[in-house]
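[1] Quick one: sequence and predicted model below, then my questions.
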Amino acid sequence: MSWSRSELRAGRFFWLLDLSFAGKTWHLSEEEILATVDGKAIQYHAGLDLGGSLADQIDWFSDSPQPRSVNVTLTLPADVPGLVAQGHDLGGALGKLALYLSGSGRSLVVLDGVLRDPEYETRDDPITGSLEELPFADTALWPPVTATINATRWTASPLPDNSEGEFYPWILGTPGGVISYGSPGFLVGNYSGENTLLIAGHSVAATKVRVKNKKTGEADAFTVGHRIEPGGTRRVAFVDMEEFSPAEPVTIDPEAGYWVRWVEDSPYFGGGITRPDGATMRGAGDQLIWWLQRSSLRWDAGRLQAIQPYLNNFLIDSVATASPDARIKPWAWIEDHLLPILPISPRIGPEGVYFALWRQDAEPVASLSVDRGDAVRASPVSYTSRDDVANEIHVAYSFDIQQDKLRESFTLSGDPTAAQPHLLCRLSEQRYGRRVREVSTEVIYDAATAGRVAQWMAGFYALQHREIVLDVDSSSWGYLEPGDAVTVTDSTVGLRDALAWVISIPWAPAPVISLRLLVLSNPAITPYRGA
């Protein structure tokens with residue numbers, strides 16, 4: 001939640017619902033209240049009844065935000081059947097449910113969605129249905145529809161069949177690396193006679209790239225040039241296939257097709273899209289924000305910037321290439337390529353999409369002690385599923401676009417004689433037997449990054465973790481939210497300053513709330529944070 005401890009102690013919670021129906025907004029609460037939010041006073045009328053509980057929860061390492069839904073009974077000060085008879089569609093009503101703390105001047109939007117399966121009877125009867133969060137759908141498409149190769153703009157005669165209609169490639173990082181080829185090149189003409197090879201629909205950091213003829217296998221390094229696309233405004237990157245005195249001439253053949261390799265170090269010097277400082281944009285945090293900027297989703301810039309430096313330790317190299325009949329949805333790209341390999345879980349907050357960052361070295365934001373009286377244990381200690389345990393982590397990476405396969409791998413193992421032995425994996429194998437987790441990714445070419453992925457997965461999957469529910473005073477601990485790290489002490493169940501994450505907290509105007517916590521099991525941290 002977003003209130004301070006002093007506000008929580010001084011105020012009282014109320015549910016507020018703004019229902020958009022019949023061309024107006026109806027303001028409903030569980031009782032009459034004049035709520036002042038962001039300096040604006042609004043009268044809310046008694047007419048809201050929530051059925052069941054509504055929890056703010058997180059599935060750790062889930063690739064999709066968990067949708068929210070709650071049953072509602074609504075009494076509007078209006079003739080609902082009459083409004084429907086006039087043509088107003090109750091099935092199209094929208095609702096924004098917020099938790100308001102009196103005296104704070106602020107409310108927190110808990111659910112912003114649609115009225116699902118509404119039912120009504122006479123003008124004297126309430127509406128029933130469920131308020132359901134709007135689908136987490138990205139309607140944006142990338143690249144721009146104008147970023148295509150066509151004979152009107154490009155003058156190769158004739159334009160090769162394997163170029164015409166293709167979208168310009170967008171290069172993020174250095175796809176290909178030292179042993180693979182990571183992106184296509186398209187013969188388009190114009191800048192160097194018939195033999196200009198378009199390699200990116202944007203400016204790039206690279207000064208040289210390596211180009212390979214698909215048919216003959218000939219390859220050499222070529223100098224990268226930049227020009228404005230003919231008849232357009234987009235600055236693109238290209239190479240002149242007739243560059244003077246190449247070390248190994250590459251046959252120019254419109255029917256052959258070409259692959260491009262991008263490498264950060266000499267002799268190729270640089271990758272694709274640049275950061276503000278001019279360096280190649282390879283950090284996962286930078287690229288996550290880059291894709292969100294091209295989506296239609298609202299996203300929380302402040303929270304993203306907070307985790308951006310840590311995520312930039314993971315180097316991502318990829319090419320965004322759309323087929324002529326299907327462009328890329330930015331959020332789908334994030335779901336497919338980034339979420340499976342990064343220690344984050346997507347969330348939806350008042351400011352839009354953000355991500356919980358899972359770090360075993362996280363600094364706790366609170367210390368909860370049953371022994372001290374901060375909390376009351378409300379459940380037995382349970383264990384996460386044994387099925388999630390893995391002690392051999394295999395990461396396949398370095399996708400070669402020309403061979404359509406992954407060429408490198410990194411494996412952490414419990415075997416002390418293995419190339420990359422891992423003590424936690426060894427302990428896990430002794431407890432559970434050998435259990436393998438395989439990860440395949442087309443966006444990693446850096447061996448150190450593949451190792452980082454395997455390392456964080458070993459830390460979280462090698463052992464079972466524990467879950468516990470604590471009842472706490474909402475006026476003291478209501479500011480916590482899923483993803484927050486805390487320490488837990490309860491000597492009756494053997495916990496002493498154990499590192500845990502909040503994974504569920506109820507949305508409720510109640511003096512006592514129940515926190516569900518995930519208690520980490522990792523010998524690397526438990527010697528000083530509890531068993």
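    Nice, thanks for sending it over. From a predicted model like this one, the values you see are computed outputs, not experimental measurements.
[2] Quick check: bridge partners of the residue most central in space within the chain?
    Residue closest to the average C-alpha location in the chain (C-alpha atoms, centre = their mean): P346, at 4.9 Å. Beta-bridge pairing for P346 (DSSP bridges): F355.
[3] Am I right that it is in contact with G352?
    No: between P346 and G352 there is no contact under C-beta atoms under 8 Å: 10.8 Å. Glycine gets a C-beta too; all of them are placed from N, C-alpha and C.
[4] which residues in the stretch 351-500 of the chain form helices?
    Along the stretch 351-500 of the chain, counting by DSSP state H, counting those that start in this stretch, helices occupy 423-432, 447-461, 474-477.
[5] in the second one, what's buried?
    Pointing back at helix 447-461 there. Across helix 447-461, burial judged by 16 or more other C-beta atoms under 10 Å covers 447, 449-461.
[6] same thing with stretch 297-309?
    Buried-residue list, stretch 297-309, by 16+ other C-beta under 10 Å: 297, 299-300, 303-304, 307.
[7] For burial, what's the neighbour tally of the nearest residue to L520 once chain neighbours are set aside?
    In space, and not counting its chain neighbours, L520 is closest to L499: 5.0 Å by C-beta to C-beta, 6 or more residues apart in numbering. L499: 24 surrounding residues under other C-beta atoms under 10 Å.
[8] Please name the residues that touch H45.
    Contact analysis of H45 by C-beta atoms under 8 Å, 6 or more residues apart in numbering lists 27-29, 32, 77.
[9] low-scoring stretches of the stretch 151-300 of the chain, by residue?
    Along the stretch 151-300 of the chain, the model assigns pLDDT under 70 to residues 156-157, 191-194, 245-247, 266-268.
[10] what ranges do the helices span in the stretch 201-350 of the chain?
    Under DSSP H, counting those that start in this stretch, the stretch 201-350 of the chain gives helices at 284-293, 301-311, 330-333.
[11] Out of those helices, flag the one nearest V472.
    Across the helices of the stretch 201-350 of the chain, V472 has its closest neighbour in helix 301-311 (23.8 Å, C-beta to C-beta).
[12] contacting residues around the closest one?
    Helix 301-311 is contacted by residues 283-286, 288-289, 292, 342, 344, 349, 351, 354-355, 357, 359 when judged by C-beta under 8 Å, 6+ apart.
[13] same question for it, mean pLDDT?
    The average pLDDT for helix 301-311 rounds to 96.
[14] returning to that earlier point: common neighbours of P346 and G352, please.
    Joint contacts of P346 and G352 (C-beta under 8 Å, 6+ apart) do not exist.
[15] picking that back up, so which of the helices of the stretch 351-500 of the chain is nearest K329?
    Proximity to K329, assessed across the helices of the stretch 351-500 of the chain by C-beta to C-beta, is greatest for helix 447-461 (23.9 Å).
[16] Contacts made by the closest one with the rest, please.
    Contacts with helix 447-461, where a contact means C-beta under 8 Å, 6+ apart, come from 60-61, 313-316, 341, 343, 358, 360, 388-391, 393-395, 397, 408-412, 420, 422, 424-425, 437, 439, 441, 444, 522, 524.
[17] can you give me the mean pLDDT across it?
    On average, helix 447-461 scores 95.
[18] give me the number of residues near A326?
    Neighbour tally, A326, other C-beta under 10 Å: 9.
[19] Distance check, it against G478.
    Taking C-beta to C-beta, to the nearest Å as the measure, A326 falls 46 Å from G478.
[20] do the same with F244
    Distance, F244 to G478, by C-beta to C-beta: 70 Å.
[21] who has more neighbours, those two?
    Between F244 and G478, counted using other C-beta under 10 Å, G478 has the larger neighbour count: 24 against 6.
[22] who does S440 bridge with?
    Residues in a beta bridge with S440, per DSSP bridges, are A396.
[23] how about the contacts of H45 in JSON lines, adding secondary structure and neighbour count?
    Shown next, in JSON lines, are the contacts of H45 (DSSP: H, G, I helix; E, B strand; the rest coil; neighbours: other C-beta atoms under 10 Å):
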{"residue": "H27", "secondary structure": "strand", "neighbour count": "17"}
{"residue": "L28", "secondary structure": "strand", "neighbour count": "22"}
{"residue": "S29", "secondary structure": "strand", "neighbour count": "20"}
{"residue": "E32", "secondary structure": "coil", "neighbour count": "10"}
{"residue": "P77", "secondary structure": "coil", "neighbour count": "9"}
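[24] which two of those residues lie the greatest distance from each other?
    Using C-beta to C-beta, the two most remote members of the contacts of H45 are S29 and P77, lying 12.8 Å apart.
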